[in-house]
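S.K.: Provide a 3D model corresponding to the input given below.
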Amino acid sequence: MKKVMLLFFVGALCGSPGWSGIHYTSRTYTEGENASEAATMEIEGWVDGDNAKILFTSSGNPMMGSGSYLLTQNGGSTLFLVNPQEETYVEWDLDKMMGIAGSMMEGMGGIFGMSFSNPSVETLLTEDGGTIVGMSTTHTKYKTSYSTEMKIMGMKRITTIVSVEDIWSTDEVGDAAFGVWQRKGPPKTGNSTLDELIATEMGKIKGWPLKTITESTTTTKKGKQSVSRTVMEVTSLDRAKVPESTFEIPLGFQKIEMMIPGMMVAPSGDDDQQQEEQSGGRFKRFKKMMGKGGG
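M.R.: Alright, predicted model coming up:
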């Protein structure tokens, strides 16, 4: 009898979440005027503790094309973007990438500038969220608002952005690396006050999101509005034993430096007007490539 109880106890432990990895799929897409091909993504993920592999099975984003994948072995503190087609990999740092873009914009002198004002983040609702992919969730709703003043080549544009975000999160997944793609909040805006407000509110969420719906309304100074709706949802999730080799960069792959496609400096000899046109074009392409997705 004691032997039977011991075997039952061991079996229960081995079947618990802490004793196995995770295999899941997720889809992110945007609807509305600002929707773009780059904003639609489907991923397949493998997670085990601090290890994660996020494969882009369908992607219109040129920076994270179909077949490429993200790897981490430390819960997302260090991320690598691997391109198996070119047999290369790059250290993926979104904050650094935004810094590169910011430095380039600063180098444009009076061509481009942006400032934020009136940031606000508030919790509207917290309730039971039901079950998603077999896991119980908590539904939380946030409202974020702020104004931006953008100056491009001497022209000023003031807009107000209001975003309402519904998040269904679960605390039944304890693996830290699950948060590599299932982020609790949007990428940093670059405004310290707003980013701190968002981090404070999102930090109250327990566990990781299984579904988010974000509806953003942008209003210009003249009253013109545009609305976009972004949905991220985990479509399947199972416990699975994941081999350690899943999280390793293949032998022979070459490490390269991170670059932003389409944002190369104009060749010397170009006149000022041509450089300004190319700078504006690079900024538009960068915005398109960084279209709102999951990660």
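
S.K.: Skip ahead from the lengthiest strand in the chain and say which helix or strand is next.
M.R.: The single longest strand within the chain, with elements called by DSSP state E, is strand 112-132. Using DSSP states H and E, the helix or strand that directly follows strand 112-132 along the chain is strand 135-152.

S.K.: beta partners for the residue nearest to residue 23 when sequence neighbours are not counted?
M.R.: In space, and not counting its chain neighbours, residue 23 is closest to residue 240: 4.3 Å by Cβ to Cβ, 6 or more residues apart in numbering. Yep, even glycine has a C-beta here, placed from its N, CA and C like the rest. Beta-bridge pairing for residue 240 (DSSP bridges): residue 21.

S.K.: what's around residue 240, how many residues?
M.R.: Neighbour count of residue 240, defined by other Cβ atoms under 10 Å: 13.

S.K.: swap in residue 119?
M.R.: Close neighbours of residue 119, defined as other Cβ under 10 Å, add up to 18.

S.K.: For it, which non-adjacent residue is spatially closest?
M.R.: Nearest non-adjacent residue to residue 119, counting by Cβ to Cβ, 6+ apart: residue 194, 3.9 Å away.

S.K.: For this structure, which segments count as helices?
M.R.: Secondary structure of the chain by DSSP state H: the helices cover 2-14, 94-106, 192-202, 272-289.

S.K.: Show me where the stretch 151-295 of the chain dips below the pLDDT cut-off.
M.R.: By pLDDT under 70, the weakly predicted segments of the stretch 151-295 of the chain are 187, 190, 259-295.

S.K.: how close does residue 215 get to residue 86?
M.R.: Going from residue 215 to residue 86 by Cβ to Cβ, to the nearest Å gives 37 Å.

S.K.: Looking at those two, which one has more neighbours?
M.R.: Neighbours around residue 215 and residue 86, counted as other Cβ under 10 Å, are more numerous at residue 215. The numbers are 16 against 11.

S.K.: is it true that the more buried one touches residue 164?
M.R.: Yes - using Cβ atoms under 8 Å, residue 215 and residue 164 qualify as a contacting pair, with a distance of 5.1 Å.

S.K.: Find the residues that touch each one of those two.
M.R.: Residues within reach of residue 215 and of residue 164 at once, by Cβ atoms under 8 Å, 6 or more residues apart in numbering: there are none.

S.K.: Near residue 205, how many other residues are there?
M.R.: By other Cβ under 10 Å, the residues close to residue 205 number 18.

S.K.: And it, its phi and psi?
M.R.: Per-residue torsions, residue 205: phi -70, psi 130 (degrees, to the nearest 10).

S.K.: Now do the contacts for it.
M.R.: Per Cβ under 8 Å, 6+ apart, neighbours of residue 205: 138, 140, 167, 169, 184.

S.K.: Now for the second one: which residues touch it?
M.R.: It stands for residue 140. Contacts of residue 140 by Cβ under 8 Å, 6+ apart are 123, 125, 126, 166, 167, 169, 204, 205.

S.K.: what's the distance between it and residue 228?
M.R.: To residue 228, residue 140 is 21 Å away according to Cβ to Cβ.

S.K.: Is it correct that residue 198 is in contact with residue 191?
M.R.: No - using Cβ under 8 Å, residue 198 is not in contact with residue 191, being 9.8 Å away.
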